[in-house]
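Chemist: Mind looking at a prediction? Sequence and model below.
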Amino acid sequence: MRFRKVLGSLTVAGGLVGLVAVLPNCSSVAAAAQGCDGLDVKASKADAAVSAFVDAANQLQTQATKTENEFKDACNAMDAALGISGAPFADATSACAALNTYVKADLAKGITVVVDVPFSCEADVDVEASCQAQCAVAASCDIKAQCEPGKLVVDCAGSCDAQCEVNAPSFACNGQCQGTCQASAGFSCSGSCSGACSGSWTGSCDAGCTANFAGDCGGNCNGTCDGNAVSGAACKGKCQGTCDAKANGSCTAQCTSNFQGQCQAQCSGSCQADAAIACQGTCNGTCTYTPGSATCNGGCHGHCSTEGSKPPRCDGTLNCSGTADCTAACSADASAHFSCTKPQVVVTVVGDDNLASAINASIDLYAQAVNETIAMGKSVVNLGAQAVNGIQKVGDLSAAGAVCIAQSAQLVNQVSVSIQVSVSVSASVEGQASTS
């Protein structure tokens with residue numbers, strides 16, 4: 001099975017085993033956190049940074065345990081549906097390795113197996129803002145005055161003279177949506193579309209495909225089935241031509257109902273994309289728009305007439321002496337406290353109906369675990385390593401902070417290596433197993 005995900009400059013393309021291997025050793029995190037009591041976060045910039053780092057590590061521990069159990073449950077469910085001997089397995093690695101072996105055997109036979117999981121997680125900006133406020137107190141720093149121009153975000157409950165960002169479910173958005181946008185009118189979708197597609201597409205369509213179809217047909221196929229001519233007949237292999245129902249593959253005609261996948265034309269329904277997309281509908285995630293005379297009940301990227309109770313956030317450089325390492329740790333802490341919405345997954349399996357059924361029955365839980373794994377790796381470890389290395393050079397580190405660093409530094413390197421090696425393993429599985 002292949003998973004494709006592009007996250008910044010990092011490409012994670014891999015199989016079941018590699019993604020599970022990303023998970024860190026949770027007991028190591030707990031051990032590293034011991035001895036971190038007694039930090040003076042109000043008087044010491046370095047202690048405030050250490051506190052943020054330890055909070056991120058503890059959050060990562062909790063999340064890793066949850067994610068590992070999700071992998072185990074999802075893979076065991078697919079193993080059982082496929083009749084794999086030994087299921088259910090006691091751990092995620094064994095359960096997903098057995099499934100990976102089954103999938104590799106299918107790929108070797110020429111069966112197409114592709115699963116596209118769009119990334120749907122966001123860091124908690126409120127955690128970052130609170131952490132930055134703690135850094136500022138320790139450094140006697142005014143965030144509003146010292147934030148890089150144009151990068152200050154304030155909590156707003158009034159008029160905003162710049163862009164407003166709102167993170168809320170089903171928010172009426174007329175701007176950029178980071179998450180899932182839903183609209184009845186057709187719009188351009190760079191991610192996964194669910195609903196209808198006005199032109200060429202790759203994915204699944206209950207209504208079938210009327211032009212240049214190639215894939216798995218759940219209805220009647222006209223054209224060829226595994227290279228043999230057919231006319232209005234069921235096809236258990238690869239159909240090329242047209243398909244009158246439940247088409248799963250690629251098509252150059254529109255899909256008018258129950259579409260899910262990549263739409264190269266206009267999407268009507270919902271779109272989930274990695275990057276922000278133009279949205280004139282409802283946004284589940286973060287909507288960034290220009291409010292005009294309307295009230296901004298969210299984060300204002302400029303001047304707000306009535307500020308809320310949440311502390312301000314600096315999305316750029318905070319120009320205060322000794323705060324760089326502390327704010328880097330805050331970014332790590334915010335990344336560890338992430339939230340994920342349900343991803344719109346595209347599953348394409350041609351040639352093995354049993355595998356297609358097994359994947360679709362458990363893909364929501366597995367895709368959730370995939371996204372959580374990527375989110376755990378996104379910046380947390382590297383930022384944490386930078387923070388620890390930098391904190392050691394700061395002169396106001398307390399005795400408690402020194403003890404905490406000594407116990408935490410090894411953890412940073414260990415988890416960082418674990419994630420990077422796992423990404424490499426995932427890519428090698430992709431190269432060996434994928435034939436599409």
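Modeler: Happy to help now that I have it.
Chemist: all contacts plus neighbour counts: C-alpha atoms, from now on.
Modeler: Fine.
Chemist: List the contacts of the closest residue to Cys217 other than its chain neighbours.
Modeler: Spatial nearest neighbour of Cys217, chain neighbours left out: Ala247 (4.7 Å); criterion: Cα to Cα, 6 or more residues apart in numbering. Ala247 sits next to 204-209, 215-219 when contact means Cα atoms under 8 Å, 6 or more residues apart in numbering.
Chemist: What of Gln266?
Modeler: Applying Cα under 8 Å, 6+ apart, the residues near Gln266 are 186-189, 197-199.
Chemist: rerun that using 6 Å as the cut-off
Modeler: By Cα atoms under 6 Å, 6 or more residues apart in numbering, the contact list for Gln266 reads 186-188, 197-198.
Chemist: just Thr317 next, same as before
Modeler: Thr317 neighbours (Cα under 6 Å, 6+ apart): Glu148.
Chemist: who does whichever strand or helix holds Gln262 touch, helix- and strand-wise?
Modeler: Counting by DSSP states H and E, the element that carries Gln262 is strand 255-263. If you count contacts as 3 or more Cα pairs under 6 Å, 6 or more residues apart in numbering; DSSP states H and E, strand 255-263 packs onto strand 192-197, strand 201-205.
Chemist: who wins for proximity to Ala123 among these?
Modeler: Closest to Ala123 of those is strand 192-197 (Cα to Cα; 21.0 Å).
Chemist: contact partners of that closest one?
Modeler: By Cα under 6 Å, 6+ apart, strand 192-197 touches 254-263, 266-272, 344.
Chemist: pLDDT weak spots in the stretch 51-200 of the chain?
Modeler: Applying pLDDT under 70 to the stretch 51-200 of the chain flags the ranges 138-139.
Chemist: just the buried members of the contacts of Gln266?
Modeler: 186-188, 197-198 (16 or more other Cα atoms under 10 Å).
Chemist: Out of the residues you listed, which comes closest to Ile359?
Modeler: Cys197 (23.8 Å).
Chemist: State the distance from the closest one to Asp73.
Modeler: Distance check for Cys197 against Asp73: by Cα to Cα, to the nearest Å, it reads 33 Å.
Chemist: repeat for Ala278
Modeler: 36 Å.
Chemist: following the helix or strand containing Ala329, which helix or strand comes up?
Modeler: Assigned by DSSP H and E, Ala329 belongs to helix 324-336. Following helix 324-336 in sequence order, the next helix or strand is strand 338-340 (DSSP H and E).
Chemist: counting contacts, what elements does that following strand pack onto?
Modeler: strand 121-123.
Chemist: following the strand it packs on, which helix or strand comes up?
Modeler: Next along from strand 121-123, by DSSP H and E: helix 125-139.
Chemist: So Ala52: helix, strand or coil?
Modeler: Under the three-state scheme (DSSP: H, G, I helix; E, B strand; the rest coil), Ala52 adopts helix.
Chemist: Provide a list of residues in contact with it.
Modeler: Per Cα under 6 Å, 6+ apart, neighbours of Ala52: 329-330, 333.
Chemist: likewise Ala273?
Modeler: Counted by Cα under 6 Å, 6+ apart, Ala273 has contacts Gly191.
Chemist: any idea how far it is from Gln368?
Modeler: From Ala273 to Gln368 the distance is 15 Å (Cα to Cα).
Chemist: hmm, back to that, distance to Gly158 for the contacts of Gln266 - can I get that in TSV?
Modeler: Putting the contacts of Gln266 into TSV (distance: Cα to Cα, whole Å) gives the following:
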residue	distance to Gly158
Gly186	32
Phe187	31
Ser188	32
Cys197	39
Ser198	40
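Chemist: Let me know the closest of these to Ala56.
Modeler: The closest of the contacts of Gln266, once distances to Ala56 are taken by Cα to Cα, is Ser188, at 36.6 Å.
Chemist: where exactly do the helices run in the stretch 251-400 of the chain?
Modeler: Assigned by DSSP state H, counting those that start in this stretch, the helices in the stretch 251-400 of the chain fall at 324-336, 353-377, 380-391, 399-433.
Chemist: now the angle from the first one to helix 353-377?
Modeler: Here the directions of helix 324-336 and helix 353-377 differ by 160 degrees (axes from the mean of the first three to the mean of the last three Cα atoms, to 10 degrees).
Chemist: could you give the mean pLDDT of the helix holding Ala329?
Modeler: In this model, helix 324-336 has an average pLDDT of 73.
Chemist: Let me know the pLDDT of Asn248.
Modeler: So Asn248 comes in at 89 (pLDDT).
Chemist: How about Gln420?
Modeler: Looking at Gln420, the pLDDT reads 47.
Chemist: Of the buried ones among the contacts of Gln266, just say which sits nearest to Ala95.
Modeler: For the buried ones among the contacts of Gln266, the nearest to Ala95 is Cys197 (36.5 Å; Cα to Cα).
Chemist: give me the element the residue sitting nearest the centre point of the chain is part of.
Modeler: Geometric centre of the chain, nearest residue: Phe119, 3.2 Å, by Cα atoms, centre = their mean. Using DSSP H and E, Phe119 is not contained in any helix or strand.
Chemist: For it, give me its contacts.
Modeler: Phe119 neighbours (Cα under 6 Å, 6+ apart): 274, 371.
Chemist: can you check Phe53 too?
Modeler: Ala329.
Chemist: gap between it and Ile277?
Modeler: Where Ile277 is concerned, Phe53 sits at a distance of 32 Å (Cα to Cα).
Chemist: now do Thr67
Modeler: Thr67 is 28 Å from Ile277, by Cα to Cα.
Chemist: quick revisit: confidence-wise, which of the helices of the stretch 251-400 of the chain is weakest overall?
Modeler: Averaged per stretch, pLDDT over the helices of the stretch 251-400 of the chain is lowest on helix 399-433, reaching a mean of 48.
Chemist: all strands of the stretch 151-300 of the chain, in order?
Modeler: Taking DSSP state E, counting those that start in this stretch, the strands of the stretch 151-300 of the chain run over residues 152-159, 164-188, 192-197, 201-205, 209-217, 220-225, 228-234, 239-243, 247-251, 255-263, 266-272, 277-289, 295-300.
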